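K.L.:
model this:
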Amino acid sequence: SRCEDAPALHAEATRQLDLYQQDLIAETFVEGAEFTVGVIGTGTNAEALPVLQRAVERSTGIGLHALADDTSDYDLPGDLTPELEAALHRDALAIHRALECRDFSRSDFRVDAEGTVWFLEINPLPTFAPDGTFAILAELAGETYEAFLARVLDRAL
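P.N.:
The predicted structure is shown next:
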């Protein structure tokens, strides 16, 4: 959820507390490009997969997991340079290892207008939905989704 002022934050926090009955985290919203990095493997054998840039909704600045057919409401701010991809790989691997993730994870990052990389979150059990990050990576790698999943699971075993 994104809130623009203190009253909106209070209202949203109250809604979330009523809905989920658990602690909340509030953080500063980082404007900019959004990227996601999948990691497969464990420890020193972990491997970062190609970085994917997420479309950002124009009206909210929130990154999207998948695009609809109509892309007129979304932007792709920033550029994924080889240097940025290397930094995102390094950071995703360091986070995966520091949190002792096993087999696979997905980390999300923002890059602000000054080029500062911000770690947003890690998903230590990301979805393997056929329209999710790992399916897109399989397609980009020229693999069938089934072959890609078999490779991920084989490494885990």
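K.L.:
check which helices and strands the lengthiest helix in the chain sits against.
P.N.:
The longest helix of the chain (DSSP state H) is helix 82-98. Applying 3 or more CB pairs under 8 Å, 6 or more residues apart in numbering; DSSP states H and E, we find helix 82-98 packed against strand 33-40, strand 47-48, strand 104-111, strand 117-123. C-beta coordinates here come from the backbone N, C-alpha and C atoms, glycine included.
K.L.:
which of the ones you listed sits closest to residue 137?
P.N.:
Residue 137 lies closest to strand 33-40 among those, at 5.9 Å (CB to CB).
K.L.:
can I get that closest one in PDB, CA atoms only?
P.N.:
Coordinates of each C-alpha in strand 33-40 appear next as PDB, following Å, rounded to 0.1, in the frame of the first residue of the first chain:
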ATOM      1  CA  ALA A  33      13.100   1.700 -11.800                       C
ATOM      2  CA  GLU A  34      12.300  -1.700 -10.300                       C
ATOM      3  CA  PHE A  35      14.200  -4.900 -10.900                       C
ATOM      4  CA  THR A  36      13.900  -8.500  -9.800                       C
ATOM      5  CA  VAL A  37      16.600 -11.100  -9.500                       C
ATOM      6  CA  GLY A  38      16.000 -14.800  -9.200                       C
ATOM      7  CA  VAL A  39      18.600 -17.000  -7.500                       C
ATOM      8  CA  ILE A  40      18.900 -20.800  -7.700                       C
END
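K.L.:
can we start the residue count at 773 from this point?
P.N.:
In the new count, where the first residue is 773, that last one comes out as strand 805-812.
K.L.:
pairing partners for it, with directions?
P.N.:
If you go by DSSP bridges, strand 805-812 pairs up with strand 819-820 (antiparallel), strand 824-826 (antiparallel), strand 876-883 (antiparallel).
K.L.:
quick one: the longest one to chain centroid distance?
P.N.:
Strand 876-883 has its average C-alpha position 4 Å from the chain's average C-alpha position, going by CA atoms, centre = their mean, to the nearest Å.
K.L.:
tally of neighbours for residue 868?
P.N.:
As a burial measure, residue 868 scores 27 neighbours (other CB atoms under 10 Å).
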